[in-house]
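Asker: One predicted model, sequence on top.
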Amino acid sequence: MDVIVVGSLAYDSIQTPAAHGQRLLGGSATYAGLASAAHGASCGLVGVVGEDFRDEDRQLLVEAGLHLDGVVTAEGRTFHWEGEYSGAMGEASTLNTELNVFEAFDPKVPAAWTAPTVLFCANLHPALQSKVLEQCTPTRLRMLDSMNLWIDIARPLLVEVLNRVDLVVLNDGEVRMLAGDANLVRAAQWLHGELRPGAILVVKRGEHGVLALHSSGMLHVPSVPSPGLVDPTGCGDSFAGTLAAHLSKGEGPVGREELRVGLERAAVVASFTLQGLGVSGLVAMEKDDREGRLEALRALTR
């Protein structure tokens, strides 16, 4: 496998000023996997679904090119999240969370998948991320995402796994929380200094783009201007999945320019994700449109 993604497969009920839908296909592994496969990476998902997981959703993932040998069907219902966005849709308000089968999720990476090029541990409890890191020996890169909840309730475990990976993807609020510093640049520099030597820190900033700290220094890539904001759910996961796919094509240490191109491509995919409700914008994305938007982004900055 080029990329292994470990995370959630879920049903999301979403309300935004532009659209709404009930029990839409979602989850961190779903978004990251679809984005990764769209960039030509062979990608396997590791996760759990319930007996209610629809055949058409499984088929959608297979037709997108994803490998599902690592997805277990457990007795019970699939993880369900209900959220609402308002105003500029910068952050969701959680209305209801039903962990269901995800509450007992114990990730098992298939034996044939234990040496991918890139491993991406999406947002999970750091104890589960640690289990995954013990099962996999990627040939190039270990990537990890997290959230403010784990910073609050499992900080020691999170710090431990952060120091076992090669690339960390967090949003600006999470970086500030970890550093205890409201100044993002200082917070990011501090956190980058706490990671293992040579590790990369990627800080997602929503509409303000992304800040990355590489051994060669700091770089910034803007977001793609988009007038068609429908639903930002999954943008961060599709961003990370795209970056994982791009970096799975290289060898050796990640270079500054390789990272920049990966971040640009990831920003473009995030811009398509937010144009549709649930995964619809991501699924409808065409390669030619993606490349055209990439060139438009580069015209803004180069």
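Answerer: All right, it came through fine.
Asker: partners of the helix or strand Val5 falls within, with directions?
Answerer: Using DSSP states H and E, Val5 maps to strand 3-6. Strand 3-6 sits in its sheet next to strand 43-49 (parallel), strand 118-121 (parallel), going by DSSP bridges.
Asker: Determine which stretch of these is the most buried.
Answerer: Neighbour counts (mean count of other Cβ atoms under 10 Å) averaged over each of the strands paired with strand 3-6 peak at strand 118-121, with a mean of 30. The way it works is simple: take the backbone N, C-alpha and C, and place the C-beta from them, glycine included.
Asker: Show the model's pLDDT score for the residue positioned nearest the centre of the chain.
Answerer: Most central in the chain under Cα atoms, centre = their mean is Asp237, positioned 2.4 Å from the mean C-alpha point. Here, the pLDDT recorded for Asp237 equals 97.
Asker: Glu207 too?
Answerer: pLDDT, read off for Glu207, is 89.
Asker: just checking, it is part of a strand?
Answerer: No: assessed by DSSP: H, G, I helix; E, B strand; the rest coil, Glu207 does not belong to a strand; its assignment is helix.
Asker: Pro197 falls within a helix, correct?
Answerer: No: Pro197: not assigned to a helix; according to three-state DSSP it is coil.
Asker: That one - how many residues pack around it?
Answerer: Neighbour count of Pro197, defined by other Cβ atoms under 10 Å: 5.
Asker: Tell me the confidence at it?
Answerer: 95.
Asker: how much space between it and Arg164?
Answerer: Per Cβ to Cβ, to the nearest Å, Pro197 is found 13 Å from Arg164.
Asker: now do Leu144
Answerer: Using Cβ to Cβ, Leu144 is found at 8 Å from Arg164.
Asker: out of these two, which sits in the busier spot?
Answerer: Counted by other Cβ under 10 Å, Leu144 and Arg164 do not tie: Leu144 has more neighbours, with 26 against 16.
Asker: which SSE is the more buried one in?
Answerer: Counting by DSSP H and E, Leu144 is part of strand 141-145.
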